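Peer 1: Provide a 3D model corresponding to the input given below.
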Amino acid sequence: MEHKCPTCDREFEELKNFPLIYIDSFERIKLPEYIRSNSGVQFIPEKVSKRNFIFWKKQIDNPSIPSEVLRAFREEGKDVVSYNGNIYEISSIFHLRPKMNHYEVSEDLIKVVKEAIQQKQVQEPLSFLETSIKQEIDTRTLVAKISPERRFALGDGNKWNMIIEKYNDLSLSLDDCEAEKEGIRTCVINLIGGWGSGSIRFPSFRQSLAQFNYEGRLKK
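Peer 2: Next comes the predicted model:
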């Protein structure tokens with residue numbers, strides 16, 4: 001595999017630098033049990049104070065934490081609990097207060113990701129790579145199918161649909177990894193979702209969907 005441009009002697013550092021790539025292998029990545037959102041994370045104490053009399057307070061379980069979640073932590077010894085669309089886990093930020101747990105609560109996006117995978121904007125490029133194993137393809141063709149600028153939304157377009165409002169700028173990205181062996185490189189396909197646009201776009205989540213090994217080649 002050539003690592004430099006034959007014209008300017010520039011080093012090829014990523015997939016997009018090669019005019020052609022040979023797809024050596026491809027595999028879809030199994031989704032985890034839950035997927036955290038990076039946006040809107042809350043920190044909730046396990047206990048809150050309740051005033052029974054004028055000068056007397058007592059600590060009670062925080063009513064904002066479902067009893068099923070507290071039971072899973074206390075009786076089942078779980079470290080992370082997914083319940084009713086949210087993920088609860090003991091926060092390490094408050095480790096200096098061992099007498100009271102604080103929980104980090106974030107949205108569980110597993111349903112969003114599963115729905116996004118079924119969209120043609122995701123299925124088409126993944127199927128294209130699956131059928132291109134052991135073949136040479138034009139890099140521009142692949143990049144055109146998988147680009148952060150090629151955004152899509154979930155749902156039926158109803159403006160009252162909360163999924164549309166929150167995840168109307170989903171996209172795919174190609175991210176190169178370190179070369180595992182001479183001549184072969186690995187690239188991961190990630191699903192990205194967030195709010196905003198342009199330089200202020202902040203991803204709410206990034207989930208790996210598939211990866212492939214490739215060899216960069218030059219046109220003859």
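
Peer 1: so who does Arg140 touch?
Peer 2: Applying C-beta atoms under 8 Å, 6 or more residues apart in numbering, we find Arg140 in contact with Pro19. Where C-beta positions appear, they are placed from N, C-alpha and C, glycine not excepted.

Peer 1: likewise the one 4 residues further on?
Peer 2: The neighbourhood of Ala144, defined by C-beta under 8 Å, 6+ apart, consists of Arg150.

Peer 1: and it, how close does it get to Gly216?
Peer 2: As defined by C-beta to C-beta, to the nearest Å, Ala144 lies at a distance of 18 Å from Gly216.

Peer 1: same thing with Lys78?
Peer 2: When C-beta to C-beta is the yardstick, Lys78 and Gly216 sit 45 Å from each other.

Peer 1: so the two - more neighbours on which side?
Peer 2: Taking Lys78 and Gly216 together and counting by other C-beta atoms under 10 Å, Gly216 has the greater number of neighbours (21 against 15).

Peer 1: beta-bridge partners for that one, please?
Peer 2: Ile21 (DSSP bridges).

Peer 1: could you double-check that it lies in contact with Leu20?
Peer 2: Yes. With contact taken as C-beta atoms under 8 Å, Gly216 and Leu20 are classed as touching, separated by 7.5 Å.

Peer 1: hang on, Phe128 packs against Val143?
Peer 2: No. Contact status for Phe128 versus Val143: not in contact, 11.8 Å apart, counting by C-beta under 8 Å.

Peer 1: with neighbour numbers in mind, choose between those two.
Peer 2: When Phe128 is set against Val143 and neighbours are counted by other C-beta under 10 Å, the residue ahead is Phe128, at 16 against 13.

Peer 1: mind listing the strands for this protein?
Peer 2: Under the criterion DSSP state E, the chain contains strands at 20-28, 42-45, 47-53, 56-61, 80-83, 86-90, 102-107, 136-138, 171-176, 185-195, 202-217.

Peer 1: can you add mean pLDDT and give those back as TSV?
Peer 2: As requested, those are arranged in TSV below (pLDDT from 0 to 100):
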stretch	mean pLDDT
strand 20-28	94
strand 42-45	86
strand 47-53	75
strand 56-61	77
strand 80-83	92
strand 86-90	90
strand 102-107	88
strand 136-138	93
strand 171-176	89
strand 185-195	86
strand 202-217	86
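
Peer 1: dump these to TSV, plus distance to Arg74.
Peer 2: Below are those laid out as TSV (distance: least, C-beta to C-beta, whole Å):
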stretch	distance to Arg74
strand 20-28	37
strand 42-45	15
strand 47-53	12
strand 56-61	10
strand 80-83	11
strand 86-90	11
strand 102-107	12
strand 136-138	54
strand 171-176	40
strand 185-195	33
strand 202-217	29
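
Peer 1: which one of the ones you listed lies closest to Arg36?
Peer 2: The stretch from the strands of the chain with the least distance to Arg36 (C-beta to C-beta) is strand 102-107; that distance is 4.8 Å.

Peer 1: packing partners of the closest one?
Peer 2: Of the remaining helices and strands, those touching strand 102-107 by 3 or more C-beta pairs under 8 Å, 6 or more residues apart in numbering; DSSP states H and E are strand 42-45, strand 86-90.
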